[in-house]
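*Asks:* what follows is a protein structure lacking sequence information:
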(Lines give C-alpha, C1' and ligand atoms only; values in the text may rest on other atoms or scores of the structure.)
Protein backbone atom coordinates (compact mmCIF):
# COMPACT_ATOMS: atom_id res chain seq x y z
CA UNK A 1 0.00 0.00 0.00
CA UNK A 2 0.90 3.63 -0.18
CA UNK A 3 3.62 4.73 2.20
CA UNK A 4 4.87 8.18 3.08
CA UNK A 5 8.35 8.47 4.54
CA UNK A 6 9.54 11.58 6.31
CA UNK A 7 13.00 12.55 7.47
CA UNK A 8 14.58 13.46 9.74
CA UNK A 9 12.72 12.14 12.76
CA UNK A 10 14.13 14.89 14.99
CA UNK A 11 16.00 18.12 14.40
CA UNK A 12 17.62 20.31 17.01
CA UNK A 13 18.51 23.81 15.84
CA UNK A 14 19.73 27.02 17.37
CA UNK A 15 17.29 29.89 17.03
CA UNK A 16 18.01 31.66 13.76
CA UNK A 17 19.19 28.54 11.94
CA UNK A 18 17.29 27.08 9.03
CA UNK A 19 15.35 23.83 9.10
CA UNK A 20 14.18 21.44 6.39
CA UNK A 21 12.05 18.32 6.52
CA UNK A 22 11.63 15.96 3.58
CA UNK A 23 8.77 13.75 2.58
CA UNK A 24 8.79 10.89 0.06
CA UNK A 25 5.85 8.83 -1.17
CA UNK A 26 6.00 5.33 -2.60
CA UNK A 27 3.31 6.30 -5.14
CA UNK A 28 2.33 9.39 -7.10
CA UNK A 29 0.18 11.74 -5.06
CA UNK A 30 -2.77 13.83 -6.14
CA UNK A 31 -1.84 16.40 -3.51
CA UNK A 32 0.23 16.82 -0.41
CA UNK A 33 -0.60 18.71 2.74
CA UNK A 34 1.55 19.92 5.58
CA UNK A 35 0.46 20.11 9.20
CA UNK A 36 2.04 21.34 12.42
CA UNK A 37 1.32 19.74 15.75
CA UNK A 38 2.43 21.37 18.97
CA UNK A 39 3.13 19.05 21.94
CA UNK A 40 -0.23 18.02 23.40
CA UNK A 41 -2.10 19.65 20.54
CA UNK A 42 -3.81 18.61 17.36
CA UNK A 43 -2.55 18.81 13.77
CA UNK A 44 -3.07 22.25 12.30
CA UNK A 45 -3.34 22.60 8.55
CA UNK A 46 -0.55 24.71 7.06
CA UNK A 47 -0.80 24.32 3.31
CA UNK A 48 -1.74 22.12 0.39
CA UNK A 49 0.24 21.56 -2.80
CA UNK A 50 -1.45 20.16 -5.87
CA UNK A 51 0.60 20.93 -8.97
CA UNK A 52 3.79 19.26 -10.09
CA UNK A 53 6.80 21.41 -9.18
CA UNK A 54 4.68 23.78 -7.12
CA UNK A 55 6.39 26.10 -4.64
CA UNK A 56 4.46 28.06 -2.05
CA UNK A 57 5.65 30.45 0.63
CA UNK A 58 4.15 31.49 3.93
CA UNK A 59 6.36 34.09 5.55
CA UNK A 60 9.46 32.12 6.62
CA UNK A 61 8.08 28.76 5.43
CA UNK A 62 8.69 27.46 1.90
CA UNK A 63 6.90 24.37 0.64
CA UNK A 64 7.82 22.43 -2.48
CA UNK A 65 6.14 19.63 -4.38
CA UNK A 66 8.36 17.54 -6.63
CA UNK A 67 8.02 17.31 -10.38
CA UNK A 68 6.97 13.67 -10.14
CA UNK A 69 4.50 14.48 -7.34
CA UNK A 70 6.13 11.89 -5.10
CA UNK A 71 8.20 14.09 -2.83
CA UNK A 72 7.88 17.33 -0.95
CA UNK A 73 9.81 19.51 1.44
CA UNK A 74 9.19 22.17 4.03
CA UNK A 75 11.93 24.70 4.70
CA UNK A 76 11.86 27.18 7.56
CA UNK A 77 14.23 30.12 7.34
CA UNK A 78 15.65 31.62 10.53
CA UNK A 79 13.77 29.46 13.02
CA UNK A 80 12.13 30.97 16.08
CA UNK A 81 11.15 29.32 19.35
CA UNK A 82 7.52 29.52 18.24
CA UNK A 83 8.33 27.09 15.43
CA UNK A 84 8.75 24.17 17.85
CA UNK A 85 6.49 21.23 17.23
CA UNK A 86 6.13 18.27 14.92
CA UNK A 87 5.70 18.88 11.21
CA UNK A 88 3.79 16.23 9.29
CA UNK A 89 3.39 15.81 5.59
CA UNK A 90 0.24 14.01 4.47
CA UNK A 91 -0.35 12.67 1.01
CA UNK A 92 -3.43 11.60 -0.82
CA UNK A 93 -3.26 9.16 -3.70
CA UNK A 94 -5.02 9.72 -6.98
CA UNK A 95 -8.75 9.13 -6.91
CA UNK A 96 -9.10 8.48 -3.21
CA UNK A 97 -9.93 10.07 0.11
CA UNK A 98 -7.37 8.22 2.21
CA UNK A 99 -4.69 10.54 3.54
CA UNK A 100 -1.43 8.96 4.62
CA UNK A 101 0.62 10.89 7.14
CA UNK A 102 4.36 10.77 7.36
CA UNK A 103 5.92 9.96 10.72
CA UNK A 104 6.63 13.64 11.31
CA UNK A 105 9.75 15.64 12.07
CA UNK A 106 9.94 17.01 15.56
CA UNK A 107 11.66 20.38 15.64
CA UNK A 108 13.41 21.64 18.76
CA UNK A 109 14.61 25.25 18.76
CA UNK A 110 17.11 26.42 21.34
CA UNK A 111 17.05 30.11 22.20
CA UNK B 1 -13.35 31.45 13.34
CA UNK B 2 -15.29 28.15 13.13
CA UNK B 3 -13.66 25.12 14.71
CA UNK B 4 -14.18 21.38 14.85
CA UNK B 5 -15.22 20.35 18.34
CA UNK B 6 -14.97 16.93 19.96
CA UNK B 7 -16.43 15.40 23.10
CA UNK B 8 -15.43 14.09 25.51
CA UNK B 9 -11.87 15.32 25.79
CA UNK B 10 -10.92 12.21 27.73
CA UNK B 11 -12.72 8.87 27.97
CA UNK B 12 -11.67 6.02 30.22
CA UNK B 13 -13.33 2.69 29.57
CA UNK B 14 -12.89 -0.94 30.43
CA UNK B 15 -11.84 -3.49 27.85
CA UNK B 16 -14.84 -4.93 26.05
CA UNK B 17 -17.03 -1.87 26.57
CA UNK B 18 -18.52 0.20 23.77
CA UNK B 19 -17.55 3.83 23.36
CA UNK B 20 -18.95 6.60 21.21
CA UNK B 21 -16.75 9.53 20.34
CA UNK B 22 -18.52 12.64 19.15
CA UNK B 23 -17.54 15.38 16.77
CA UNK B 24 -19.18 18.52 15.46
CA UNK B 25 -17.51 19.40 12.15
CA UNK B 26 -17.39 22.89 10.69
CA UNK B 27 -20.84 23.60 9.34
CA UNK B 28 -20.31 24.04 5.59
CA UNK B 29 -17.79 21.24 5.23
CA UNK B 30 -18.55 18.24 3.04
CA UNK B 31 -15.87 15.74 3.96
CA UNK B 32 -15.42 14.18 7.36
CA UNK B 33 -12.63 12.01 8.73
CA UNK B 34 -11.53 10.09 11.77
CA UNK B 35 -7.87 9.56 12.64
CA UNK B 36 -6.08 8.09 15.58
CA UNK B 37 -2.68 8.82 17.05
CA UNK B 38 -1.06 6.49 19.51
CA UNK B 39 1.08 8.46 21.94
CA UNK B 40 4.28 9.64 20.29
CA UNK B 41 3.44 8.10 16.94
CA UNK B 42 2.12 9.32 13.65
CA UNK B 43 -1.43 10.18 12.74
CA UNK B 44 -3.24 7.18 11.21
CA UNK B 45 -6.19 7.43 8.86
CA UNK B 46 -9.25 5.47 9.94
CA UNK B 47 -12.13 6.49 7.71
CA UNK B 48 -13.49 9.20 5.44
CA UNK B 49 -17.15 10.07 5.07
CA UNK B 50 -18.81 11.96 2.24
CA UNK B 51 -22.36 12.32 1.05
CA UNK B 52 -23.67 10.36 4.01
CA UNK B 53 -21.59 7.29 3.44
CA UNK B 54 -18.11 5.93 4.01
CA UNK B 55 -15.92 6.91 1.07
CA UNK B 56 -12.80 5.09 2.17
CA UNK B 57 -11.50 3.20 5.18
CA UNK B 58 -8.18 1.82 6.31
CA UNK B 59 -7.31 -1.68 7.40
CA UNK B 60 -7.49 -0.46 11.00
CA UNK B 61 -11.19 0.32 10.56
CA UNK B 62 -12.51 -3.21 11.03
CA UNK B 63 -15.96 -4.45 12.06
CA UNK B 64 -15.44 -3.10 15.56
CA UNK B 65 -15.65 0.44 14.24
CA UNK B 66 -18.58 2.33 12.77
CA UNK B 67 -19.34 5.93 11.93
CA UNK B 68 -22.57 7.84 11.74
CA UNK B 69 -23.78 11.28 10.92
CA UNK B 70 -27.07 11.07 12.77
CA UNK B 71 -28.13 14.64 12.04
CA UNK B 72 -26.86 17.66 10.17
CA UNK B 73 -24.20 18.54 12.69
CA UNK B 74 -22.82 15.55 14.58
CA UNK B 75 -20.38 12.92 13.37
CA UNK B 76 -19.70 9.94 15.61
CA UNK B 77 -17.20 7.11 15.85
CA UNK B 78 -18.31 4.00 17.69
CA UNK B 79 -15.98 1.27 18.89
CA UNK B 80 -18.10 -1.75 19.76
CA UNK B 81 -15.84 -3.75 22.03
CA UNK B 82 -12.73 -1.84 23.02
CA UNK B 83 -9.34 -3.47 23.28
CA UNK B 84 -6.27 -2.28 25.15
CA UNK B 85 -4.60 -1.39 21.86
CA UNK B 86 -7.44 1.02 21.04
CA UNK B 87 -5.97 3.41 23.58
CA UNK B 88 -5.01 6.49 21.58
CA UNK B 89 -5.97 10.04 20.75
CA UNK B 90 -8.82 10.09 18.26
CA UNK B 91 -9.09 13.10 16.01
CA UNK B 92 -12.04 14.12 13.93
CA UNK B 93 -11.38 16.34 10.92
CA UNK B 94 -13.54 18.05 8.34
CA UNK B 95 -12.93 19.88 5.12
CA UNK B 96 -14.58 21.56 2.17
CA UNK B 97 -11.90 20.40 -0.24
CA UNK B 98 -8.57 18.64 0.26
CA UNK B 99 -7.54 20.56 3.37
CA UNK B 100 -8.59 19.08 6.69
CA UNK B 101 -9.28 20.91 9.91
CA UNK B 102 -8.72 18.83 12.98
CA UNK B 103 -10.59 18.91 16.24
CA UNK B 104 -8.78 18.92 19.58
CA UNK B 105 -9.15 15.13 19.92
CA UNK B 106 -10.54 12.65 22.42
CA UNK B 107 -8.03 10.75 24.48
CA UNK B 108 -9.33 7.20 24.85
CA UNK B 109 -7.84 5.09 27.61
CA UNK B 110 -8.82 1.42 27.71
CA UNK B 111 -8.05 -0.36 30.96
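*Replies:* Looks like it came in fine. Remember, predicted model here, so these are calculated numbers, not experimental data. Residues are numbered from 1 along each chain as shown, chains lettered A, B, ... in the order given.

*Asks:* residue A:28 versus the residue of chain A found nearest chain B, what's the distance?
*Replies:* Nearest residue of chain A to chain B, counting by CB to the nearest CB: residue A:97, 3.8 Å away. C-beta here means a position set from N, CA and C on the backbone, and glycine is covered the same way. Distance from residue A:97 to residue A:28, counting by CB to CB, to the nearest Å: 16 Å.

*Asks:* who has more neighbours out of the two?
*Replies:* The neighbour comparison of residue A:97 against residue A:28 (other CB atoms under 10 Å in any protein chain shown) goes to residue A:97, with 18 against 14.

*Asks:* now the more buried one: how far from residue A:15?
*Replies:* Residue A:97 sits 39 Å away from residue A:15, going by CB to CB.

*Asks:* what's the pLDDT at the spatially closest residue to residue A:55 that is not a sequence neighbour?
*Replies:* Distances taken as CB to CB, 6 or more residues apart in numbering or on different chains put residue A:64 closest to residue A:55, at 5.1 Å, once the chain neighbours are dropped. According to the prediction, residue A:64 has pLDDT 98.

*Asks:* and if you look at the one 5 residues further on?
*Replies:* What the model reports for residue A:69 is a pLDDT of 95.

*Asks:* wouldn't residue B:102 be in contact with residue B:92 here?
*Replies:* Yes - A contact is recorded between residue B:102 and residue B:92 when judged using CB atoms under 8 Å, the distance being 7.4 Å.

*Asks:* isn't residue A:47 up against residue A:57?
*Replies:* No - counting by CB under 8 Å, no contact exists between residue A:47 and residue A:57, whose distance comes to 9.4 Å.

*Asks:* what's the overlap in contacts for these two?
*Replies:* Jointly contacting residue A:47 and residue A:57 under the rule CB atoms under 8 Å, 6 or more residues apart in numbering or on different chains are residue A:63.

*Asks:* joint contacts of residue B:102 and residue B:92?
*Replies:* With the criterion set as CB under 8 Å, 6+ apart, the overlap between the contacts of residue B:102 and residue B:92 is B:4, B:35.
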